[in-house]
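Trainee: show me how the following folds:
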Amino acid sequence: MMNNPKELSFDNYLETHYIHRSNWLRAAVLGANDGILSISSIAIGVAAASDTREAVVLATLAGLVAGALSMAAGEYVSVSSQTDVEKSDIEREKKELAEMPELEMGILAQIYEKRGLKRETALQVAKELTAHDALGTHIRDELGINEISQANPLQAALASGAAFIFGGILPLLVTLFFPVLNMEYYLYGLAIVFLVILGTIAAKTGGSNVFKAIARITFWGTIAMGLTALVGHLFGVNIA
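Mentor: Residues are numbered from 1 along each chain as shown. Predicted coordinates:
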């Protein structure tokens with residue numbers, strides 16, 4: 001963070017903020033959280049039903065590979081759908097600007113007026129911004145699309161897939177090095193520890209409250225693993 005406010009400029013002011021990290025951070029937290037929970041759940045289920053380390057490790061490794069590929073592919077397809085919607089709206093905006101520029105300028109002025117500008121000022125601002133960059137102004141102020149919020153499918157897919165692998169490797173290490181006897185309890189306890197670490201990292205990276213992030217991620221993670229344990233119990237797998 002810069003100490004001298006005079007050093008701030010339009011080109012570097014976002015360096016002191018966190019919003020520009022939101023797209024990849026969301027995908028990374030989702031991937032790591034899913035990696036920890038899903039791989040731990042797989043390992044817990046197999047460990048409770050098997051007395052051999054090989055079976056637990058094999059199932060965990062298979063889940064790790066399949067989960068990472070699925071997470072990356074799903075994130076890419078999902079964000080690509082958002083990108084398609086954005087591109088469609090941008091093309092529609094181009095057409096409307098070409099066919100009815102005065103109406104579009106009037107809509108832009110109304111947007112600024114609702115934000116607090118006087119009608120005359122809003123219209124003047126709309127005229128000047130339209131003259132400078134009509135399409136860019138409408139994309140930003142009418143559609144709400146900007147450089148920060150604009151979807152990036154490849155970035156989201158890589159962040160999510162890599163984070164899933166990172167999160168999933170942690171329970172895999174437990175299956176490799178912890179005793180086979182009562183391994184499900186080690187997995188459950190350490191999964192909570194991993195979630196606490198993830199919540200802390202996510203909060204620090206995003207500049208949010210650490211306690212809230214930890215409470216949120218561990219609460220829902222505990223519920224997810226508890227429900228997994230319940231399903232295992234209902235199907236005759238004793239993990240308690």
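Trainee: roughly how far does the nearest residue to residue 36 once chain neighbours are set aside sit from residue 191?
Mentor: Nearest residue to residue 36 in three dimensions, chain neighbours excluded: residue 167, at 4.2 Å (C-beta to C-beta, 6 or more residues apart in numbering). C-betas here are computed from N, CA, C, even on glycine. Here residue 167 is placed at a distance of 10 Å from residue 191 (C-beta to C-beta, to the nearest Å).
Trainee: which residues do the two both contact?
Mentor: Common neighbours of residue 167 and residue 191 (criterion: C-beta atoms under 8 Å, 6 or more residues apart in numbering): residue 36.
Trainee: what about those two, which has more around it?
Mentor: Higher neighbour count among residue 167 and residue 191: residue 167, with 30 against 26, using other C-beta atoms under 10 Å.
Trainee: can I assume the more buried one is in contact with residue 195?
Mentor: No: look at residue 167 against residue 195 with C-beta atoms under 8 Å: they stay out of range, at 9.2 Å.
Trainee: just name the shakiest helix or strand of the chain by mean pLDDT.
Mentor: helix 210-234 (a mean of 75; mean pLDDT, DSSP states H and E).
Trainee: which residues of the protein score low on pLDDT?
Mentor: Scanning the chain for pLDDT under 70 picks out the ranges 1-26, 146-151, 206-207, 228-240.
Trainee: ok, the residue nearest to residue 76 when sequence neighbours are not counted - contacts?
Mentor: Closest residue to residue 76 apart from its sequence neighbours, by C-beta to C-beta, 6+ apart: residue 157 at 3.7 Å. Contacts for residue 157 (C-beta under 8 Å, 6+ apart) come out as 27, 72, 73, 75, 76, 79.
Trainee: tell me the SS of the fifth one?
Mentor: In the three-state summary, residue 76 is assigned as helix, counting by DSSP: H, G, I helix; E, B strand; the rest coil.
Trainee: which helix or which strand is home to the residue nearest to residue 50 when sequence neighbours are not counted?
Mentor: The shortest distance from residue 50 to any non-neighbouring residue, by C-beta to C-beta, 6+ apart, is to residue 56 (6.0 Å). Element membership of residue 56, judged by DSSP states H and E, is helix 53-99.
Trainee: can you tell me how far residue 93 is from residue 130?
Mentor: Relative to residue 130, and taking C-beta to C-beta, residue 93 is found at 12 Å.
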